[in-house]
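[1] Provided below for reference: sequence and predicted model.
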Amino acid sequence: MIAEFTLPGGTVVRLPVDDDAGRPSARLPEVDAIAAAAIKVYGIDAADFWSFRRYEPVATARHVTCYLARRYTAYSLPEIGRAVGRDHSTVLYSVNRIARQIDHDSTLAAKVADVRRELSR
């Protein structure tokens, strides 16, 4: 069964759903949709996200995007890296950094949850 969601801006996302619960399965939308949600949640400019700027809100939004893409999509590190304009080793660093911090930083955990919620709208 497939569920259909419309993201802000009119993008339609189709996700497989669990037959039992009728909720989306563990798959999230494409990396660019995850990035768009992170940009919105962090309140940053899209041009900054795609640039090489490294100030904290931009870098964290990129890290969260890589973390969610790795966790919920079938993309490899190099594929995620190409999608966000970074090297696979940077993606690995991002994924590991968020995975380490999410259990100890309630603000970060809340932001990650907000990005996931934004994707399901």
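    Perfect, thanks for sending it.
[2] How many residues are close by residue 66?
    Residue 66 has 29 neighbours, counted by other C-beta atoms under 10 Å. Glycine gets a C-beta too; all of them are placed from N, C-alpha and C.
[3] Could you number the chain from 705 rather than 1 from now on?
    With the count now opening at 705, the last piece we talked about shows up as residue 770.
[4] Can you show me the helices along this structure?
    735-746, 750-754, 760-776, 781-788, 792-805, 810-824 (DSSP state H).
[5] how about these in CSV, adding mean pLDDT?
    As requested, these are arranged in CSV below (pLDDT from 0 to 100):
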stretch, mean pLDDT
helix 735-746, 95
helix 750-754, 93
helix 760-776, 95
helix 781-788, 93
helix 792-805, 96
helix 810-824, 94
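[6] Excluding chain neighbours, what is closest to residue 746?
    residue 765 (4.1 Å; C-beta to C-beta, 6 or more residues apart in numbering).
[7] where's the one you found relative to residue 806, distance?
    15 Å (C-beta to C-beta, to the nearest Å).
[8] So for these two, which sits in the more crowded spot?
    residue 765 (23 against 17).
[9] Tell me who's in contact with the more buried one.
    739, 742-743, 745-746, 748, 753 (C-beta atoms under 8 Å, 6 or more residues apart in numbering).
[10] Next up, the contacts around the closest residue to residue 772 other than its chain neighbours.
    Spatial nearest neighbour of residue 772, chain neighbours left out: residue 738 (5.1 Å); criterion: C-beta to C-beta, 6+ apart. Contact analysis of residue 738 by C-beta under 8 Å, 6+ apart lists 732, 769, 772-773, 819, 823.
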